[in-house]
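Q: Return atomic coordinates for the entry below.
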Amino acid sequence: MSVLGDSISTRVRMDASMAGLALLKYLCRASECSMSTPRMKRAVATVAPQSAAVGRSVPLYTSVDQHPDNRTREQVAMKFGGSVWTFNWQPPYDDGLRTIAACGLKAAELIAWRREVLDSYYTLDTIRHLRTLLDDLGLELSEFVSTPRGLASEDQKDRDGAVEHFRAMVDTARALGTDMVNSVSPNAFNLDMPRIMDKPTAQEWGVDLPRGLDWNANWNAYVETTARCCEIAEENGVRWALEPHPYRWVRNTGSMLRLIDSVGSPALGMNFDPSHLFPSGEISEQAVYELGDRLFHAHFSDNDGTTNAHWRPGKGKIDWRAVMVAMHDVGFDGVISIELEDVPGTAGANDGVATDAFAREVELSVEYLSDICQDEGIPLD
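A: All right, here's what the predicted structure looks like:
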């Protein structure tokens, strides 16, 4: 897996300064001022005097064989985390984070489903509160999730708005204390595509695509917008873990690698989610080897390949032993978030709050995957 290419001590200094810079950006955005004003330039210079220099003087990412603290591959360990929305579908997320910690997980993801939530819920006071709560619970914030709308729109204004959403997401992520953001890839032309969950009961499966669409032009526009977002990510020392979904511009490993090659940024990689790749025809362990160090983060859930249902690992047809071995082989040392959206007690089906039955599903997932790792000699953090 790719990691920030600096020493541990420099990384700590950079994290602190970048978080302070992100807080300033958040305040600036809330008050409709400009980062380019003399006052803000002086403030940024005092908060993050090292961050720009660090970002220029060392590569942002390196391979696991060049790990900054000189660990060997046998010493590089993955850890399990939880997706907060499966515990609390909507904010506030305090109880969801507490349950994640109670389940014995080491990390958590936070989310803003829409731009309005990003602006209204993640205020400066809430960010401070969440950072304190995460620290008190001993949880790492593995990534911040939000999907800008309009990344592949035909309308330039929509694409510009998506870039500003991305910028706000990055600022919030850094203020919260993480250097990873996650988004779902858009549909081409922002088209409405069928829900693969409906496929088993549909007599006919397809979509009525308008004729005359310029697919090459839309792809190029999407690449250009993605590149603009990646520039923002690189400037802030952030990695963007893009998540493929069925029928979208990025829907499998091949389209992910195509986008990576087209954009050319080290900040772009995949949020590896076999529950979406498997029903798209992928062999999950093969995808891991093809992605290599562009596998930035992971969501784990299972299904039978008919839909992208999110069951407990071991309940579907994905070969999790092969997946874990492959991830260890490529040196992945990040977070695997247990993301169960279609199991008993999940928040999405219970008025937005998970039940005790759901917590048990999460614990059984970790037990199942941990047993595989123990059998295969794969270290866990």
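Q: how about the helices in the stretch 101-250 of the chain?
A: 115-120, 124-137, 156-176, 215-235 (DSSP state H, counting those that start in this stretch).
Q: buried set for the second one?
A: If you call a residue buried by 16 or more other Cβ atoms under 10 Å, then helix 124-137 has these buried ones: 126, 127, 130, 133, 134. Every C-beta, even on glycine, is put in place using the N, C-alpha and C of the backbone.
Q: With the shortest one instead?
A: Judged by neighbour count using 16+ other Cβ under 10 Å, the buried positions of helix 115-120 are 115, 118, 119.
Q: I figured the second one was touching residue 167, is that so?
A: No. No contact is recorded between residue 118 and residue 167 when judged using Cβ atoms under 8 Å, the distance being 10.8 Å.
Q: Which parts of the protein are strands?
A: 3-4, 61-62, 79-83, 107-111, 140-145, 180-184, 239-243, 268-272, 295-300, 335-338 (DSSP state E).
Q: For the stretch 51-200 of the chain, give me the ranges with low pLDDT.
A: 51-71, 73 (pLDDT under 70).
Q: I'd like to know how far the most centrally placed residue in the chain sits from residue 332.
A: Nearest to the geometric centre of the chain sits residue 182, at 2.9 Å (Cα atoms, centre = their mean). In this structure, residue 182 and residue 332 are 16 Å apart, going by Cβ to Cβ, to the nearest Å.
Q: can you check residue 185 too?
A: 21 Å.
Q: Next up, the contacts around residue 150.
A: Neighbouring residues of residue 150 by Cβ atoms under 8 Å, 6 or more residues apart in numbering: 158, 159, 161, 162, 186, 190.
Q: so can I have JSON lines of these showing distance to residue 85 and neighbour count?
A: Shown next, in JSON lines, are the contacts of residue 150 (distance: Cβ to Cβ, whole Å; neighbours: other Cβ atoms under 10 Å):
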{"residue": "158", "distance to residue 85": "25", "neighbour count": "16"}
{"residue": "159", "distance to residue 85": "26", "neighbour count": "20"}
{"residue": "161", "distance to residue 85": "23", "neighbour count": "17"}
{"residue": "162", "distance to residue 85": "21", "neighbour count": "24"}
{"residue": "186", "distance to residue 85": "20", "neighbour count": "23"}
{"residue": "190", "distance to residue 85": "23", "neighbour count": "15"}
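Q: now, which of these sits nearest residue 279?
A: For those, the residue nearest residue 279 by Cβ to Cβ is residue 186; the value is 18.8 Å.
Q: which intervals of the stretch 251-381 of the chain have sub-threshold pLDDT?
A: Along the stretch 251-381 of the chain, no part satisfies pLDDT under 70.
Q: how many neighbours does residue 142 have?
A: Applying other Cβ atoms under 10 Å, we find 28 residues neighbouring residue 142.
Q: list the contacts for it?
A: 81, 107, 108, 109, 178, 180, 297, 334, 335, 337.
Q: and what of residue 80?
A: Per Cβ under 8 Å, 6+ apart, neighbours of residue 80: 105, 106, 107, 335, 336, 337, 338, 366, 369, 370, 380.
Q: Quick one: residues contacting the second one.
A: The neighbours of residue 106, taking Cβ under 8 Å, 6+ apart as the test, are 79, 80, 81, 138, 139, 140, 335, 381.
Q: Quick check: of these, which lies closest to residue 321?
A: When those are compared against residue 321 (criterion: Cβ to Cβ), the nearest one is residue 80, at 16.0 Å.
Q: What residues are bridge-paired with the closest one?
A: Beta-bridge pairing for residue 80 (DSSP bridges): residue 336.
Q: roughly how far apart are it and residue 139?
A: Residue 80 is 11 Å from residue 139, by Cβ to Cβ.
Q: Next, show the common contact partners of those two.
A: Common neighbours of residue 80 and residue 139 (criterion: Cβ under 8 Å, 6+ apart): 105, 106, 107.
Q: In the stretch 251-381 of the chain, mark out all the helices, start to finish.
A: 253-263, 274-277, 284-291, 320-329, 356-376.
Q: Most tightly packed of those helices?
A: Counting by mean count of other Cβ atoms under 10 Å, helix 274-277 has the highest mean neighbour count of the helices of the stretch 251-381 of the chain, with a mean of 26.
Q: For that helix, enumerate the helices and strands it packs against.
A: Applying 3 or more Cβ pairs under 8 Å, 6 or more residues apart in numbering; DSSP states H and E, we find helix 274-277 packed against helix 284-291, strand 295-300.
Q: Please render those as TSV that adds distance to residue 85 to the earlier fields.
A: Formatted as TSV, the helices and strands packed on helix 274-277 follow (distance: least, Cβ to Cβ, whole Å):
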stretch	distance to residue 85
helix 284-291	23
strand 295-300	11
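Q: what's near enough to touch residue 93?
A: Residue 93 neighbours (Cβ under 8 Å, 6+ apart): 84, 87, 110, 130.
Q: Specify which member of those is nearest to residue 360.
A: residue 87 (12.8 Å).
Q: Skipping adjacent residues, who's closest to the closest one in space?
A: residue 96 (3.5 Å; Cβ to Cβ, 6 or more residues apart in numbering).
Q: Now for the one you found, how many residues are close by?
A: Count around residue 96 with other Cβ under 10 Å applied: 25.
Q: Quick check, it in contact with residue 102.
A: No. Between residue 96 and residue 102 there is no contact under Cβ under 8 Å: 10.6 Å.
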